[in-house]
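Visitor: Fold the stuff below for me.
(one chain, ligands or ions: 1)
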Amino acid sequence: MCGIVGYIGKREAYPILIKGLHRLEYRGYDSAGVALLDSKANLHVYKTRGKVVNLENYCKDKNVSGTIGIAHTRWATHGEPSDVNAHPHYSQSETLALIHNGIIENYLSLKQMLERKGYKFVSQTDTEVLVQFIEYIKTENKCSLYEAVHQALSQVIGAYAIGVLEKGNADTLVAARKGSPLIVGIGEAGEYFLGSDASPIVEYTKDVIYLNDEDIVEIRRGVGEIMIKNLSNVVLKPQVQKIRMDLSEIEKGGFAHFMLKEIFEQPKSLMMCMNGRVQSELQEIMLSGIRDNIEKFRNARRILISACGTSWHAALIGKYLIEYYCKIPVEVEVASEFRYRNPVIFEDDVMIAISQSGETADTLAAIELAKEKGTFIYGICNVVGSSVARATHSGTYTHAGPEIGVASTKAFTTQVAVLTMITLLLGKELGTIDRTTYKSLVRELDSIPEKIEKIVAKADEIEEMSKVFTYARNFMYLGRGYNYPVALEGALKLKEISYIHAEGYPAAEMKHGPIALVDEEMPIVVVAPKFKMYDKIVSNVEELKARKGKIIAIVSEGDKNISNIADYVIEIPNTEECLSPLLTVIPLQLLSYYIATAKGRNVDQPRNLAKSVTVE
Ligand code: M6R
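Guide: Okay, the predicted model is just below:
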């Protein structure tokens, strides 16, 4: 995904746009650019490969004056990261400049048509095709910018959030969305902001309009009004909402990286997630989304959980939880596979879709597919008002607060907490969980934030340990039961931020192949808290030690057996087995973070990645 910011008002636009780009950089950081209209309505576009700071350096001696502008930070889809492929893109006559998030799927046929009309292209992007197409329509039909955008988008197939400026027209900013989020912020005295999320806007205003798919907005200076129409030309009344986000939530607050801040924030984010839902005094779970739809779950033939990446790992834990405590069959589906394999979906299935961002293209497609079959869809999502939140019939927000680090941390633990709350409430309502177990799990869930505090307090110890492993080129992660998905998550965390190859396996599966990789060079993280499979994991650890593997074990407080065999040990406080992933994942997050920083990696902006994958 990419980041979009725009401004029209009385202030100088450039500082607002640059600050906005820094806030959006987590969404994409391979190139950045800005377009401004100066006081004479001349259009200036500046763009460059690399981070926003490169753009700032590039602009130092440029004319960046003007009170209207758009800016973009890119995660490449069509065309490699380069100056020329960076946004904004000019149209041929350099009278239009456009920024875009998404993919224009029919760009090739549009490009061929435009080439036949004499249009020349300088980049490899689908975005340049769109801006040329808008210019073509505008010239042919002698219409306004808004009208040209409207006509162009009526013929476009694909996903987009766009912002467009026109030379000679310093009073108008046109923007539109379909499939990629876009927000209009309403500031003071006729100033307006544009953002692909709230982060570049929240410093200036909390009043926003979330554009819907196929909305096209014209923001005109001086008129003090915005006009929104959809592709069917219906004029829409702007629905102004308040953003529930504070500036401090999107700042590092003294931490070296957002990822570290977000790891340390987990006790708080879990408390926010459970606030009013885990009622420890009453020993009850309150989740209106589940309570209001209990019959859907009661009558469910099975539950499908669909997600990607870290959210998929949380989904796997959901399967263990729901099958054990609610006795409903659960199938967990990687959304990108599910959507294309012609799956059997029943009307009486229930789908749970999990997404931190709520904008993951594959997860959204899986939702649409299940919806077509008449399935009831329940969302678990962090970003309020996101596409997943709107596409689902009901759901639960994780309320983790904004997650800026590309590597997901607090999103995972809050997703697991929501799945746990859903399980407990369903189990109680369906009568599959006995009262004593229910109450004791509710109490224990309530104590998890405090226990995470104790683990993050060991950060220095984990940092010291991590220095030993910067040499490693491969890592193995093993776990069983509820902690098998934690092993997968630990491996993903390490891969994405340190670029060390890592694999997660169910511990018993090791003997079916992966053990061949083990030698004295191979660090193996074994997630082994003391539960019913403990003795079996002890045997696994012995087998690995016999082959000289370097064992880092995550064990329960006071563990004696594995502690004596393993090379390194991190203890976690005791808890119930089904809640243990909420604790065991924390040392794995810290280990990845410290290994990656010791290797000098940019953990908040790992190479090739972006915070959420809004394209297939
Ligand atoms: O926003 P989502 O939860 O839908 O994102 C899914 C994955 O793209 C995401 O979890 C990704 O795997 C993270 N970078 C992992 O840290």
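
Visitor: So the chain: which segments form each domain?
Guide: Domains of the chain are assigned by automatic domain parsing as 3-249, 252-455, 458-602.

Visitor: Reformat those domains as TSV; add mean neighbour count.
Guide: Using the backbone N, CA and C atoms, a C-beta is placed for each residue, glycine as well. Output for the domains of the chain, formatted as TSV (neighbours: other CB atoms under 10 Å):
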stretch	mean neighbour count
domain 3-249	20
domain 252-455	21
domain 458-602	20
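
Visitor: Just the pLDDT at the closest residue to the ligand within the chain, thanks.
Guide: Taking CB to the nearest ligand atom as the measure, the chain has residue 309 as its residue closest to the ligand, at 2.0 Å. If you check residue 309, the pLDDT there is 97.

Visitor: again with residue 387
Guide: On pLDDT, residue 387 comes in at 88.

Visitor: can you list the residues of the protein near the ligand?
Guide: 308-311, 355-357, 360, 363, 406-408, 492, 496, 612-613 (CB under 6 Å from any ligand atom).

Visitor: tell me the phi and psi of the residue nearest to residue 339 when sequence neighbours are not counted?
Guide: Spatial nearest neighbour of residue 339, chain neighbours left out: residue 365 (4.3 Å); criterion: CB to CB, 6 or more residues apart in numbering. Residue 365 has phi and psi values of phi -70, psi -40 when expressed as degrees, to the nearest 10.

Visitor: what's the distance between residue 365 and residue 340?
Guide: From residue 365 over to residue 340 the distance is 9 Å, taken as CB to CB, to the nearest Å.

Visitor: List the contacts of residue 72.
Guide: Counting by CB atoms under 8 Å, 6 or more residues apart in numbering, residue 72 makes contact with 2-5, 21, 32-34, 86-88, 99-101.

Visitor: got the phi/psi numbers for it?
Guide: Dihedral angles (degrees, to the nearest 10) for residue 72: phi -150, psi 140.

Visitor: now do residue 565
Guide: phi -100, psi -40.

Visitor: who's in contact with it?
Guide: Residue 565 touches 538, 541-542, 545, 551, 553, counting by CB under 8 Å, 6+ apart.

Visitor: switch the cut-off to 10 Å
Guide: Neighbour list for residue 565: 526, 538, 541-542, 544-545, 551, 553 [criterion: CB atoms under 10 Å, 6 or more residues apart in numbering].

Visitor: could those go into CSV alongside pLDDT?
Guide: Below are those laid out as CSV (pLDDT from 0 to 100):
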residue, pLDDT
526, 96
538, 91
541, 91
542, 91
544, 91
545, 91
551, 95
553, 96
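
Visitor: Closest one of those to residue 175?
Guide: residue 526 (51.0 Å; CB to CB).

Visitor: Which other helices and strands does the helix or strand harbouring the closest one contact?
Guide: According to DSSP states H and E, residue 526 maps onto strand 523-528. Contacting strand 523-528 under the criterion 3 or more CB pairs under 10 Å, 6 or more residues apart in numbering; DSSP states H and E are the following elements: strand 474-479, helix 484-498, strand 501-506, helix 534-546, strand 550-556, helix 561-565, strand 568-572, helix 581-598.

Visitor: Mind checking the pLDDT average for the last one?
Guide: The average pLDDT within helix 581-598 is 97.

Visitor: can you give me how far that helix is from the chain middle?
Guide: 19 Å (CA atoms, centre = their mean, to the nearest Å).

Visitor: now swap in stretch 187-198 and tell me
Guide: 23 Å.

Visitor: Can you give me the end-to-end span of it?
Guide: Length of stretch 187-198, first residue to last, CA to CA, to the nearest Å: 13 Å.

Visitor: all strands of the stretch 1-150 of the chain, in order?
Guide: Ranges of strands in the stretch 1-150 of the chain, per DSSP state E, counting those that start in this stretch, are 3-8, 31-37, 43-49, 68-74, 89-90, 96-104.

Visitor: Using CSV, please lay out those strands together with mean pLDDT.
Guide: As requested, the strands of the stretch 1-150 of the chain are arranged in CSV below (pLDDT from 0 to 100):
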stretch, mean pLDDT
strand 3-8, 96
strand 31-37, 96
strand 43-49, 96
strand 68-74, 95
strand 89-90, 96
strand 96-104, 94
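
Visitor: Give me the mean pLDDT for stretch 247-257.
Guide: On average, stretch 247-257 scores 86.

Visitor: who's in contact with it?
Guide: 23-24, 26, 197-200, 202-203, 258-265, 401-405, 407, 497, 593, 596-597, 602-605.

Visitor: give me that answer again for 6 Å
Guide: Stretch 247-257 has contacts (CB atoms under 6 Å, 6 or more residues apart in numbering) with 199, 202-203, 261, 401-402, 603-604.

Visitor: Just the ones of these in helices?
Guide: residue 261 (DSSP state H).

Visitor: Name the pair among the contacts of stretch 247-257 with the greatest separation in space.
Guide: 203 and 603 (24.7 Å).

Visitor: ok, residue 302 touching residue 329?
Guide: Yes. In terms of CB atoms under 6 Å, residue 302 counts as a neighbour of residue 329; the distance is 4.1 Å.

Visitor: Find the nearest non-adjacent residue to residue 323, please.
Guide: residue 330 (5.3 Å).

Visitor: where's the dip in pLDDT among the residues of the chain next to the ligand?
Guide: By pLDDT, residue 612 ranks lowest within the residues of the chain next to the ligand, coming in at 75.

Visitor: which stretch of helix or strand covers the nearest residue to that residue once chain neighbours are set aside?
Guide: In space, residue 612 comes closest to residue 357 once its chain neighbours are excluded; the distance is 3.6 Å by CB to CB, 6+ apart. Here residue 357 is covered by no helix or strand, with elements defined by DSSP H and E.
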